[in-house]
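# Quick one, structure for this:
(2 chains)
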Amino acid sequence: MTERILYTLLIGALGVTVGYLAQRSRMCFVAGLRDYILVRDRELLTGLFSFLLTVWVLTSVFYALDLLEQRMPEYGDVQVMTAVEERPAARAAARAAGPSGGPAGLLESLRGARLLQVPGGGGSLRGGGLRALLGRFFWVSVGGGALIGFLAVLAGGCVLRQHVLCAQGNRNALLFILGFYAAAVVFALVLFDRILWFYG
Amino acid sequence: MQRRRTLKPWLFGVIAGSLFVAVEALAGVYPPSAYGFCLTCHARDLAATVLNALFGTNLQTAVIARRMVMITSPAVLLGAWLAARRFGERRVLPSDRPLSYFVLGFAVMITGLVIFGCPTRIVLRAGYGEWYGLVALAGMGVGITAATLLVRWAGRAGIALPRLRVPRSASPGRLARSASALGSADRPGGTVPGRSGEEGS
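Now for the predicted structure:
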């Protein structure tokens, strides 16, 4: 119970921080490209790319330090969406067995860092690239990504930006958020199991 | 009057990216991976958690949502509200197209849930080096480009689409420049620096 509250507070604090910063910076993940196409304004695009780059560098570092598991993707792999267990134990074991401490060990793990490679997963770039191409989730990702970009531009901003606009008093964004939550309920009630079955 | 932004977007990218990765790697918000921040997925988990608590149903959530309540989306609203309040940027704009925005929100949510990510998480997953995330990001680029070109074309042809907001956040000088660029973009052969490579209008 305590853990539950602590985690909830953590994610809440994260959300508040991000919302605050997003309001200050007017960050939007789709408006960057849109503004660049329309008026050659690069400012928001730098936000997108710095985000991407930061995540890439940090995950690479954390993979190397064994703080993150290289186990991606896990969609279409119904297991991970539904099953718990075995993960903390496996991680602890991996950490115990892995290169430990000292600059030499650090160097060793850094050398072993593979930026884009994911062992095991069905959709890793090397391991199962071909299989991923044939999977349903691949095509859904392409189409869904295009659709979400399209709709977000029509709505005037990505989901994060809509939250910020709603908090600023924009009633259009408020209605966007209402539709958003209505869809969340519908999805949770009706669609989720079918989607997982479809990908499985 | 438009206030100036006080945080550069690139700095937001660095801070947010660090937070999202750190919350998984250091605080253990896991599995699934790259789940530190996602408005669509977290909103779904929140809805499912609330429904489960209220009606005793057994709706699916992501694994991590069993250990916590995913209040990201309300928290973002709260944070943005605090910032807007503190800097005096709260201003009620009445809705001009309520139904179309409701439908857009609905459609964006369903799409985002089907591909397991809002635009933010798509970029996050791409940054994790995930194949599907990269693919979805590429798809998103195509979609954004298509929609932008469509909206611009519709604007020229005088067809009503949901209004596109011109970047209204930039500093005054930049805003003026943007406005003039937008104006000249409407004229064939407008001379905006860097516009030469684009398709002839």
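
# got any ranges where chain A has weak pLDDT?
Chain A contains residues with pLDDT under 70 at A:69-135, A:199-200.

# correct me, but residue B:7 touches residue A:24?
Yes: at 4.0 Å, residue B:7 counts as touching residue A:24 under the criterion of CB atoms under 8 Å. Placement of C-beta: from N, CA and C, glycine included.

# Looking at the two, which one has more neighbours?
Neighbours around residue B:7 and residue A:24, counted as other CB atoms under 10 Å in any protein chain shown, are more numerous at residue A:24. The numbers are 24 against 18.

# who's in contact with the more buried one?
Contacts here follow CB atoms under 8 Å, 6 or more residues apart in numbering or on different chains; on that basis residue A:24 touches B:5, B:6, B:7, B:12, B:83, B:87.

# now do 10 Å
A:164, B:3, B:5-9, B:11-12, B:79-80, B:83-84, B:86-87, B:89 (CB atoms under 10 Å, 6 or more residues apart in numbering or on different chains).

# what do residue B:7 and residue A:24 both touch?
Joint contacts of residue B:7 and residue A:24 (CB under 10 Å, 6+ apart) are residue B:83.

# between the contacts of residue A:24, which is closest to residue A:37?
For these, the residue nearest residue A:37 by CB to CB is residue B:9; the value is 16.8 Å.

# Could you measure from the closest one over to residue B:81?
20 Å (CB to CB, to the nearest Å).

# More neighbours: the two, which one.
Taking neighbours as other CB under 10 Å, residue B:9 and residue B:81 compare with residue B:9 leading, 28 against 21.

# Out of the contacts of residue A:24, which end up buried?
Among the contacts of residue A:24, those classed as buried by 16 or more other CB atoms under 10 Å in any protein chain shown are A:164, B:5, B:7, B:8, B:9, B:11, B:12, B:79, B:80, B:83, B:84, B:89.

# you'd agree the fourth one is up against residue A:25?
By that I understand residue B:8. Yes: the criterion here is CB atoms under 10 Å, and residue B:8 meets it with residue A:25 at 6.5 Å.

# Looking at the contacts of residue A:24, which one is closest to residue A:155?
residue A:164 (13.0 Å).

# what sits against the closest residue to that closest one other than its chain neighbours?
Using CB to CB, 6 or more residues apart in numbering or on different chains and skipping the chain neighbours, the partner closest in space to residue A:164 is residue B:80 (4.2 Å). Listed by CB under 10 Å, 6+ apart, the contact set of residue B:80 reads A:15-16, A:18-24, A:160-161, A:163-168, B:89-90.

# Take those residues and keep only those in helices.
If you go by DSSP state H, these have A:15-16, A:18-24, A:160-161, A:163-168 in helices.

# Select the longest helix from chain B.
helix B:131-157.

# Could you pull out the buried residues of that one?
Neighbour-count burial for helix B:131-157 flags B:131-140, B:142-145, B:147-148, B:150-152 (criterion: 16+ other CB under 10 Å).

# Residue B:137 versus the residue most central in space within chain B, what's the distance?
By CA atoms, centre = their mean, the mean C-alpha position of chain B lies nearest to residue B:119, the distance being 5.6 Å. Residue B:119 is 9 Å from residue B:137, where distance means CB to CB.

# what residues are shared contacts of these two?
A:29, A:48, A:145, A:149.

# Pull out the buried members of the residues you listed.
In the shared contacts of residue B:119 and residue B:137, burial by neighbour count holds for A:29, A:48, A:145, A:149, counting by 16+ other CB under 10 Å.

# Those also near chain B: which ones?
A:29, A:48, A:145, A:149 (CB under 10 Å from any CB of the partner chain).

# can you tell me which residues contact the third one?
Residue A:145 makes contact with B:111-112, B:115, B:117, B:119, B:122, B:126, B:132-144 under the criterion CB under 10 Å, 6+ apart.

# Does residue B:112 touch residue A:195 like I think?
No: the criterion here is CB under 10 Å, and residue B:112 misses it with residue A:195 at 12.0 Å.

# Quick check: neighbours shared by these two?
Joint contacts of residue B:112 and residue A:195 (CB under 10 Å, 6+ apart) are residue A:187.

# neighbour-wise, which of these two wins?
Each of residue B:112 and residue A:195 has its neighbours counted (other CB under 10 Å); residue B:112 has more, 33 against 23.

# helix or strand for that one, which one?
Remark: residue B:112 resides in helix B:98-114, with elements defined by DSSP states H and E.

# All good on my end, thank you.
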